[in-house]
Structure formats: structure tokens, C-alpha cells
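1. Have a look; sequence and predicted model below, questions after that.
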Amino acid sequence: MIQAKSNAFAAGAVLLGALSLGGCATKKYVNAQVGAVNEQVVSVSTRVSAHDASIAGLDATAKEALERATSAGKLAEGKFLYQEVLSDDSMKFPPAKATLSPEAQARLDAFVDKLKAENRNVYVEVQGHTDATGPKEFNYRLGEERAEAVRRYLNQHGVALNRIGTISYGADAPVAPNNKRDGRQANRRVVLIVLT
């Protein structure tokens, strides 16, 4: 009986030892897993904070850009001085070309002389327009090439480049129907907008 008790005691001790070792192993395993998860949470938290900071920076940049655009719009309001329309009959652009004719150069010389005589710091927007003949992308490109030709000519004759901007409307802003020859001719034009 004593031996049975001692065997039972030994078996109980072994069982208790095994259970305590199993408990320690489980506790170590849980601690290791929790530690790994905690590291991942900290890593994700750091990345989220970095993304939040980046988004806040982008938001601030967007707000600044909007404020600058609004300010520029306010500056331009009421500052329109006049516009000069150089239509195809005076500009004489060859079909699908952006080369300035002698007539166009004479009109631009008169325009530059007018700017110099006024002696004001002005901004000139050069708008290129075409008729509806040809593909849309071609017309945009042609309008831009014509506006750029005028911009280069103005710069070569004393108007600072930072005072000249170009934009192409292609065939999007006609002044006459495109179904007749004289209408198409009227639509092939360069418009000079003078702003202070």
C-alpha cells in the first residue's frame, strides 16, 4: 500500500510537473505570439501615422493651390484691357500650317508698337483657334502651334516671354458656322487678350 501510495505520489508529481511545464510552454508561446502581434500593430500604427501626415501635407498643398488660384482669379477680375482678333484674312496662315505671313507680321508689329506706346506692364494671352476641318487632336495641336508662332514673334520684338501665355481652343470656339468657306475662314484666327 505504501508502494502504491508512493507510485501514485510519483505519478501525481510527474503529472503535475508535466502540466506545469505545459503551462509554461503555453505561456511562453502566448507571450511570443502577443509580442509578434504587438510589433505588427506598432508597425501598422507607424505607417498609418506616416500616411496621415502625408495626407495632411497633400491637403495643405491642395488648399494652398486653391488659395493661389482664387487669388489669381481675383487679380484677373476686372483687369481686362482689350482684345485684338487676328483673323485668317489678316494672319493668312497657310492651310494646316502655323507660319506667319508678311501680313501677319505687319499686324503683330502694329500690336507690339501699341503695347510699347502704352508703356504698361501687361499680360498677353494668345488664343489659337481653327476651323472644324480635320481631327480634333490635330486642330488642338494646330491652334497651339499658331499661338506659339505668335508668342515667339512677340518675344522677338520686345515682349517678355513671362508676359505671354498661349492656349489652343482648336475648333471648340467658332465665331461662324463651319459649313461654309467664309465661316471656316473666320474661325481660323488668333485672339490676343491684353490684361493688366
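-> That came through, no problem.
2. Val85 in helix, strand or coil?
-> Three-state call for Val85 (DSSP: H, G, I helix; E, B strand; the rest coil): strand.
3. Run through the residues that contact it.
-> 189-192 (CB atoms under 8 Å, 6 or more residues apart in numbering). Where you see a C-beta, it was placed from the backbone N, CA and C, and this is true even at glycine.
4. for this structure, what are the low-confidence residue spans?
-> 1-25, 30, 51, 54, 57-78, 87-95 (pLDDT under 70).
5. and it, what are its domains?
-> 1-77, 78-195 (automatic domain parsing).
6. picking up where we left off before, now, which of the contacts of Val85 lie within strands?
-> Judged by DSSP state E, the contacts of Val85 include 189-192 as members of strands.
7. got those residues as CSV, with distance to Pro135 columns?
-> Output for the ones in strands among the contacts of Val85, formatted as CSV (distance: CB to CB, whole Å):
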residue, distance to Pro135
Arg189, 20
Val190, 21
Val191, 22
Leu192, 26
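8. ok, now how distant is Glu39 from Phe80?
-> Distance, Glu39 to Phe80, using CB to CB, to the nearest Å: 63 Å.
9. Sorry, wrong one. I was asking about Ala50.
-> Distance from Ala50 to Phe80, by CB to CB: 47 Å.
10. Also Thr130?
-> 24 Å.
11. out of the two, which sits in the more crowded spot?
-> Set Thr130 next to Phe80 and count neighbours by other CB atoms under 10 Å: Thr130 wins out with 31 against 11.
12. My read is that that one contacts Glu137, right?
-> No. Assessed by CB atoms under 8 Å, Thr130 is found out of contact with Glu137, at 11.4 Å.
13. what is in contact with these two at once?
-> In contact with both Thr130 and Glu137: no residue, using CB under 8 Å, 6+ apart.
14. Spell out, range by range, the helices that occur in this protein.
-> In order along the chain, the chain carries the following helices (DSSP state H): 2-76, 88-91, 102-118, 136-156, 181-187.
15. Tell me how many other residues crowd His129.
-> His129, neighbours per other CB under 10 Å, totals 27.
16. how about the nearest residue to Leu108, chain neighbours excluded?
-> Nearest residue to Leu108 in three dimensions, chain neighbours excluded: Tyr153, at 5.3 Å (CB to CB, 6 or more residues apart in numbering).
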